[in-house]
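Trainee: What follows is a predicted structure for the sequence shown.
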Amino acid sequence: MSRWGDDPWSRGCWSVIGRGGTPADRVTLGAPVGGRLRIAGEATHPDRAGMAHGAYEKGAEAAAWAADLGHRRVVVIGAGMAGLAAARHLTRLGVHAEIWEARDRLGGRTAGADLDGFTFDLGANWLQQYAENPLARIAERLGLRTVATDFTDPLMLSGGAANSAGVASEVQRRLAVAPLDASVEDALAPWTPELRRFADAEIVMDSGVPLSWLSARHGFEPGVGEGDRWIAGSYRLLVDHLARGITVRLSRPVDTIQTQADGVRVNGAHFDAAIVTVPVSVLRAGVITFDPPLPDGQLSALSRLVMGRVEKVVLRFHEHFWPAYRSGYYRVHGPSDGDICEWLDATAADGTPTLVGLFAGPWLDTVWAGSDAEVAERALAVFRGP
């Protein structure tokens, strides 16, 4: 099971726009800092934030920037999708690139867990916006098997009926006219049970942050559920492919980046330029010291981007005891506001009965405590219901 909230190199799952923020903050964060430093990753993509292919595209864009400036030695901080894309594209362009990764593995917020000889994703899971996803095209060239998920058709195991189109329209109307500094919590008050159920399922589950943090205008970003497919065998198959031929230095955390007239020094080592792909929560925590500090524009943008937390558990069984459903997608609402989890029937991966559960909201405070075995037991109890 995942513990992204406790991972010092992630401190959450994906970035979202906090109250007062706009997609322009993502663009500002990813703008070059002079000619030798650039931040890249999903948090800098105005249209595909929080998605692996958004990170990939921004990594490739940063690589083109560094190569166009004539840099010959570039260090890439982080071996997630953005970092792998940057290093891969730089290498293809004849630039010496090396990745410095704090963890002892590749993939960043993609992470495969091996269970009974099969690998499941504990981080990034789906190829989203499949029709226009460059990672999907790579998966197709590699002949990887993918499985479609229909997020519009959940089987409700508790919490009432699925959300209606009328409720969705009302939520969209209220968010669209909310003041720029309003949160989702502000915009949707006064609450009805139907609004609360929609917000939990469609906003809390997708953002992983309290609704009081989230921008009413821009926090509910599109992209999820647009032809999503998951990879049988996990994102690790893509990660391993992208890393071939790339210089990667694992267990190499970065604490200082000094920008100088003749290049950058990273923990004392000299390069022409640096591409930083660590998550926004790591940047906000000051894990890396920038000398000179990041410009006020980047710091201001960073202050309005927050990190969501959604945790995942994979459970394997001897028999398929839950109801079969056409979409293989299930939803459970909890007893308290914000308690929400979703489940994917992943039995199609290798024929073994498997459930993948995603939890968000206050349930994480009670379910995600103690040992892995204790978390698994509580998560299964939620799925089974009273």
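Mentor: Received, thanks.
Trainee: Who are the packing partners of the helix or strand encompassing Val382?
Mentor: With the criterion set as DSSP states H and E, the secondary-structure element containing Val382 is helix 372-384. Helices and strands touching helix 372-384, as assessed by 3 or more CB pairs under 8 Å, 6 or more residues apart in numbering; DSSP states H and E, comprise strand 311-316, strand 329-333, strand 340-345, strand 354-360, helix 363-367. All C-beta spots, glycine's among them, are computed from the backbone N, C-alpha and C.
Trainee: Please identify which of the ones you listed is closest to Gly20.
Mentor: When the helices and strands packed on helix 372-384 are compared by CB to CB, strand 354-360 sits nearest Gly20, at 22.4 Å.
Trainee: quick one, the closest one and strand 329-333 angle?
Mentor: Angle, strand 354-360 to strand 329-333, by axes from the mean of the first three to the mean of the last three CA atoms, to 10 degrees: 40 degrees.
Trainee: separation between Trp213 and Ile17?
Mentor: As judged by CB to CB, to the nearest Å, Trp213 and Ile17 stand 10 Å apart.
Trainee: do Gln258 as well
Mentor: Relative to Ile17, Gln258 is positioned 30 Å away (criterion: CB to CB).
Trainee: more neighbours, those two?
Mentor: Ile17 (26 against 17; other CB atoms under 10 Å).
Trainee: what about that one, which helix or strand?
Mentor: In this assignment (DSSP H and E), Ile17 forms part of strand 14-17.
Trainee: So which other helices or strands are in contact with that strand?
Mentor: Under the contact criterion of 3+ CB pairs under 8 Å, 6+ apart, the helices and strands touching strand 14-17 comprise helix 23-29, strand 305-308.
Trainee: Please save the CA atoms from it in PDB.
Mentor: Coordinates of the C-alpha atoms in strand 14-17 are reproduced here as PDB (Å, rounded to 0.1, in the frame of the first residue of the first chain):
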ATOM      1  CA  TRP A  14      -0.200  15.600  -7.100                       C
ATOM      2  CA  SER A  15      -0.500  19.400  -7.100                       C
ATOM      3  CA  VAL A  16      -3.700  21.300  -7.100                       C
ATOM      4  CA  ILE A  17      -4.500  25.000  -7.200                       C
END
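Trainee: Would you pull up how far that strand lies from the middle of the chain?
Mentor: Centroid separation for strand 14-17 versus its chain: 8 Å, with CA atoms, centre = their mean, to the nearest Å.
Trainee: Equivalent analysis for stretch 111-123, please.
Mentor: 17 Å.
Trainee: how long is it end to end?
Mentor: Taking CA to CA, to the nearest Å, the first and last residues of stretch 111-123 lie 5 Å apart.
Trainee: what does that stretch contact?
Mentor: The contact list for stretch 111-123, computed with CB atoms under 8 Å, 6 or more residues apart in numbering, reads 1-2, 4, 13, 105, 107-110, 230-231, 233-236, 312, 314, 316, 346, 349-350, 352, 354, 356.
Trainee: Which positions in it come out as buried?
Mentor: Of the residues in stretch 111-123, those with enough neighbours to count as buried (16 or more other CB atoms under 10 Å) are Ala111, Gly112, Ala113, Phe118, Thr119, Phe120, Asp121, Leu122, Gly123.
Trainee: same deal with stretch 88-95?
Mentor: If you call a residue buried by 16+ other CB under 10 Å, then stretch 88-95 has these buried ones: Arg88, His89, Leu90, Thr91, Val95.
Trainee: The second one contacts Ala64, correct?
Mentor: This points to His89. Yes - counting by CB atoms under 8 Å, Ala64 is a contact partner of His89 at 6.8 Å.
Trainee: which residues are in contact with both of Trp213 and Ile17?
Mentor: Val306.
Trainee: I'd like the next helix or strand past the longest helix anywhere in the chain.
Mentor: If each helix of the chain is counted by residues according to DSSP state H, the longest one is helix 52-68. Read in the C-terminal direction, the helix or strand following helix 52-68 is strand 73-77, with elements assigned using DSSP H and E.
Trainee: Check which helices and strands the helix or strand just after that next one sits against.
Mentor: Under the assignment DSSP H and E, the closest C-terminal helix or strand after strand 73-77 is helix 81-92. Where contact means 3+ CB pairs under 8 Å, 6+ apart, helix 81-92 is packed against helix 52-68, strand 73-77, strand 96-100, helix 236-243.
Trainee: The ones you listed into CSV, with extra columns for distance to Pro293 and mean pLDDT?
Mentor: What follows is the helices and strands packed on helix 81-92, written out as CSV (distance: least, CB to CB, whole Å; pLDDT from 0 to 100):
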stretch, distance to Pro293, mean pLDDT
helix 52-68, 20, 98
strand 73-77, 17, 98
strand 96-100, 21, 98
helix 236-243, 32, 96
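Trainee: which of those sits most buried?
Mentor: Most buried of the helices and strands packed on helix 81-92 by mean neighbour count (mean count of other CB atoms under 10 Å) is strand 73-77; its value is a mean of 26.
Trainee: quick one: it to chain centroid distance?
Mentor: Using CA atoms, centre = their mean, the mean C-alpha position of strand 73-77 is found 22 Å from that of the whole chain.
Trainee: Direction included, what does it pair up with?
Mentor: Strands adjacent to strand 73-77 in the sheet, as given by DSSP bridges, are strand 96-100 (parallel), strand 273-276 (parallel).
Trainee: Could you dump those strands into TSV with distance to Asp240 added?
Mentor: Putting these into TSV (distance: least, CB to CB, whole Å) gives the following:
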stretch	distance to Asp240
strand 96-100	14
strand 273-276	21
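Trainee: among those, which is nearest Arg173?
Mentor: Among those, the nearest to Arg173 by CB to CB is strand 273-276 (38.8 Å).
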